[in-house]
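> Quick one, what's the 3D model for this:
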Amino acid sequence: MKIAAVRENAFAMPLNNPAYPRPPYKFYNREFVVINYRTDPEALRAVVPEPLEVIGDTVAYEFIRMPDSTGFGDYTETGQVIPVRFTTPSGKVQEGSYVHAMYLDDSSPIAGGREIWGFPKKLATPKLSHEQETLVGTLHYGSVLCVRATMGYKHREFPLEPLAKAMAKPAFMLKIIPHVDGSPRICELVRYYLEDVTLKGAWAGPAALQLFEHAMCDVARLPVREVTSASHYIADLTLGLGEVVFDYLQND
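Sure, this is the predicted structure:
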């Protein structure tokens with residue numbers, strides 16, 4: 001293969017059979033169960049990188065079923081998202097969320113999420129199921145149970161307008177790609193948005209959340225002090241591509 005052809009075709013690895021296709025990445029009937037809880041503020045500050053600032057003492061623990069996504073297929077994801085504030089170089093203050101940890105069961109979105117945006121994805125076994133009147137979420141890392149979540153099924157309808165506004169806020173993550181010598185080649189704060197969001201329904205209900213300690217799946221680093229709210233909703237959306245808002249190798 002000629003050098004020019006390598007440049008033209010290089011998108012993702014492997015060169016001749018990439019692990020995921022080119023964008024856009026669209027999701028249909030994406031089901032969310034989000035349990036908000038209070039945690040240790042010092043623990044939050046210890047894991048959220050500057051220049052982001054932690055807002056309050058809460059974490060959103062999410063289970064997401066993706067039965068139909070372009071390129072990535074059918075999979076389940078779970079993880080922790082932290083409310084944060086970001087001040088742009090022009091002085092504009094944005095409120096959004098920092099994606100702290102993600103665990104999923106499909107290699108294609110793990111590769112694509114890490115390589116394109118910098119999503120902190122690891123391979124595990126999350127499950128979200130409906131058991132009679134209860135939504136049940138679990139996360140196993142290998143054979144070990146790390147998370148158990150339960151929520152009452154569709155107890156109260158949730159207004160769509162405030163949820164749509166929340167989904168319109170940006171999310172941030174830290175993209176790290178090492179050089180061939182092991183030093184950091186890319187270390188960037190990336191911002192992205194959800195696009196073309198169509199909410200199909202949303203509900204609130206009682207919820208409980210348990211996090212268990214594990215050396216390689218450290219969800220319990222942000223311990224549950226009190227569950228404050230829970231929501232269950234379904235949406236179609238497009239995962240927007242990212243933009244670099246801070247380069248750690250170029251800025252102090």
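
> quick one: the helices in the stretch 101-250 of the chain?
107-112, 160-167 (DSSP state H, counting those that start in this stretch).

> can you list the residues that contact the lowest-mean-pLDDT helix or strand in the chain?
Sorting the helices and strands of the chain by mean pLDDT, DSSP states H and E puts helix 3-9 at the bottom, at a mean of 94. If you take C-beta atoms under 8 Å, 6 or more residues apart in numbering as the criterion, helix 3-9 is touched by 1, 15, 16. The way it works is simple: take the backbone N, C-alpha and C, and place the C-beta from them, glycine included.

> at 10 Å instead, please
Here helix 3-9 makes contact (C-beta atoms under 10 Å, 6 or more residues apart in numbering) with 1, 2, 15, 16, 18.

> top of the residues you listed by neighbour count?
Within the contacts of helix 3-9, most neighbours by other C-beta atoms under 10 Å means residue 18, with 18 neighbours.

> Any chance of the backbone angles for it?
Note on residue 18: its backbone torsions stand at phi -60, psi 150 [degrees, to the nearest 10].

> Quick check: the gap between residue 25 and residue 124.
From residue 25 over to residue 124 the distance is 21 Å, taken as C-beta to C-beta, to the nearest Å.

> which one of these two has more residues nearby?
The residue with more neighbours, out of residue 25 and residue 124, is residue 124; 24 against 20, by other C-beta under 10 Å.

> Show me what the closest residue in space to the more buried one that isn't next to it in sequence is bridged to.
In this structure, residue 124 finds its nearest non-sequential neighbour in residue 103, 3.8 Å apart by C-beta to C-beta, 6 or more residues apart in numbering. Here residue 103 sits in beta bridges with residue 78, residue 122, going by DSSP bridges.
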